[in-house]
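A.B. asks: Attaching a predicted model along with its sequence, questions to come.
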Amino acid sequence: VVDIRKLYGQADVFTFDPGFTSTAACESAITFIDGDKGELWYRGYPIEQLADQSHFLEVCYLLLYGELPDKAMLEDFENRVTRHTMVHEQMHNFFRGFRRDAHPMATMVGVVGAMSAFYHDSTDINDEWQREVAAIRLIAKLPTIAAMAYKYSIGQPFVYPQNDLDYASNFLNMCFSVPAEKYKVDPALSKAMDRIFTLHADHEQNASTSTVRLAGSSGANPFACIAAGIACLWGPAHGGANQAALEMLKEIGTVDRIPEYIARAKDKSDPFKLMGFGHRVYKNFDPRAKVMKESADEVLDLLGIHNNPTLQVAKELEKIALEDDYFIEKKLYPNVDFYSGIILSAMGFPTSMFTPIFALSRTVGWIAQWKEMIGDPQTKIGRPRQLYVGPKRRDYVPVKSR
Ligand code: ACO
């Protein structure tokens, strides 16, 4: 607690908490994390059960409305999402305005921000129906937008969504189908993709979710808020870590080089960190990483990829780090990003698509949190304080006298 009256004569007392390590900015009933036990629940349901027994659109319903749907409710929800998967035809021109070599995240920030220009009939945050339509549009269109960003970056024609495919299969089809060849989505790969979406769906007040809430607290429309969340997610300390983790594993290359990288991660004069390790809240295993590790084994087996060198490096690195005093003392465990890149890469995605996939999965969490905030009578505009450390009051000196 800082009493800045003593410092600058201002009548103010507040807590100084860089990085918000111990400040709760809201109440929320959506997601619970016990960082010491390594537990994660969505609306009370453990993530392992949801990843194993549920599927992404059901999880979306749960996050948005608080309860698991019955059969009719789920069908209705799935129909509503499926009906909104197409994007406005004019948005194709918008994509074409970007450079071909743009990172798909750069394209996504722009295109999702522009949704408020294309869908301005769902930007009135005071209208419950418009809020609902915006939520459905975002969940439905994000896979289409991510796939279009990818197709554009590799110079292939856009692939339209298909209403007869489930959510994950539709995304895979939009990414990998080409007009000249018949592409058939493998149901096992689609299940693995769906599980990746589920594991990333929400994670309480992380940096991007807090960004969405902060943007929303000013009354900004939902599309603008989600675009802000995507921009925040991009950083390598957050959603960009899945790309960075795979690049690091490939750079290590062989198991014998692991000690060199472990030593670098421990050396405080070297800015290098083990990407995919450590978490602000988890001081035990990230439960999502456990599921992801099992999925990595399954997917590589399914694709007939045996002795994958990157997976070998990942497993050995995890083993060595977990026995190392530095990592034990600082409670650094693999996080969700450590294994996801291996699965996505085996599926055929380039590293640049890893964070867009995280963004499309997290969209439901962002929108659920945004809706919760809008409906909370305690909500005020987010306005952190600062500890001013600049010059004391002084008088301006004209340039000729300086
Ligand atoms: N490798 C080596 N040392 C690390 C690592 C790491 N991956 N992560 C943390 N440490 C060290 C820090 O240097 C610090 O050491 P110190 O006590 O000697 O100063 C200590 O552990 C505590 O770490 P902080 O960075 O203070 O922890 P914070 O909660 O601020 O950061 C973060 C968490 C950003 C995730 C960090 O662990 C990190 O950068 N990890 C690598 C990037 C990554 O995987 N990000 C994905 C997070 S999950 C997600 O967003 C989906």
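C.D. replies: That came through, no problem.
A.B. asks: Quick check: closest non-adjacent residue to Ala244.
C.D. replies: Met275 (4.1 Å; Cβ to Cβ, 6 or more residues apart in numbering). Using the backbone N, CA and C atoms, a C-beta is placed for each residue, glycine as well.
A.B. asks: what pLDDT does the residue in the stretch 251-400 of the chain positioned nearest to the ligand get?
C.D. replies: Nearest residue of the stretch 251-400 of the chain to the ligand: Gly278, at 2.4 Å (Cβ to the nearest ligand atom). Per-residue pLDDT puts Gly278 at 92.
A.B. asks: Flag every residue of the stretch 151-300 of the chain that's near the ligand.
C.D. replies: 237-239, 241, 265, 273-280 (Cβ under 6 Å from any ligand atom).
A.B. asks: can I get these in CSV with neighbour count?
C.D. replies: Rendered in CSV, the data for those read as follows (neighbours: other Cβ atoms under 10 Å):
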residue, neighbour count
Ala237, 12
His238, 17
Gly239, 28
Ala241, 26
Ala265, 20
Lys273, 16
Leu274, 21
Met275, 23
Gly276, 26
Phe277, 24
Gly278, 20
His279, 22
Arg280, 14
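A.B. asks: show me the residues around Glu247 that make contact.
C.D. replies: Met275, Thr351 (Cβ atoms under 8 Å, 6 or more residues apart in numbering).
A.B. asks: what helix or strand does it sit in?
C.D. replies: helix 241-252 (DSSP states H and E).
A.B. asks: ok, back up a step: just flag the most distant two among the residues of the stretch 151-300 of the chain next to the ligand.
C.D. replies: Using Cβ to Cβ, those span at most 20.6 Å, a distance reached by Gly239 and Ala265.
A.B. asks: And the residue of the stretch 251-400 of the chain closest to the ligand, how close does it get to Tyr326?
C.D. replies: The gap separating Gly278 from Tyr326 is 11 Å, by Cβ to Cβ, to the nearest Å.
A.B. asks: residues shared between the contacts of the two?
C.D. replies: In contact with both Gly278 and Tyr326: Leu332, using Cβ under 8 Å, 6+ apart.
A.B. asks: how near is Asn284 to Lys290?
C.D. replies: Distance, Asn284 to Lys290, by Cβ to Cβ: 11 Å.
A.B. asks: Repeat that for Ser401.
C.D. replies: When Ser401 is compared with Lys290 (using Cβ to Cβ), they lie 67 Å apart.
A.B. asks: follow-up on the earlier one: report the mean confidence score over the helix holding Glu247.
C.D. replies: The model assigns helix 241-252 a mean pLDDT of 92.
A.B. asks: who does the very next helix or strand once past that helix touch, helix- and strand-wise?
C.D. replies: Using DSSP H and E, the helix or strand that follows helix 241-252 in sequence is helix 258-266. Here helix 258-266 touches helix 241-252, helix 309-322, going by 3 or more Cβ pairs under 8 Å, 6 or more residues apart in numbering; DSSP states H and E.
A.B. asks: For the ones you listed, could you give me TSV that also reports distance to Pro46?
C.D. replies: Rendered in TSV, the data for the helices and strands packed on helix 258-266 read as follows (distance: least, Cβ to Cβ, whole Å):
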stretch	distance to Pro46
helix 241-252	23
helix 309-322	22
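A.B. asks: if you compare those helices, which one is most tucked away?
C.D. replies: The highest mean neighbour count among those, using mean count of other Cβ atoms under 10 Å, belongs to helix 241-252: a mean of 22.
A.B. asks: Also compute the angle for that one relative to helix 258-266, please.
C.D. replies: In terms of direction (axes from the mean of the first three to the mean of the last three Cα atoms, to 10 degrees), helix 241-252 departs from helix 258-266 by 130 degrees.
A.B. asks: Using CSV, list the CA coordinates for helix 241-252.
C.D. replies: This file holds the C-alpha atoms of helix 241-252, laid out as CSV (Å, rounded to 0.1, in the frame of the first residue of the first chain):
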residue,chain,number,x,y,z
ALA,A,241,4.3,-19.0,-26.5
ASN,A,242,3.0,-22.0,-28.5
GLN,A,243,4.8,-20.8,-31.6
ALA,A,244,7.9,-19.9,-29.6
ALA,A,245,7.9,-23.2,-27.8
LEU,A,246,7.9,-25.3,-31.0
GLU,A,247,10.5,-23.0,-32.5
MET,A,248,12.7,-23.5,-29.4
LEU,A,249,12.2,-27.3,-29.4
LYS,A,250,13.2,-27.4,-33.1
GLU,A,251,16.2,-25.2,-32.4
ILE,A,252,17.3,-27.5,-29.6
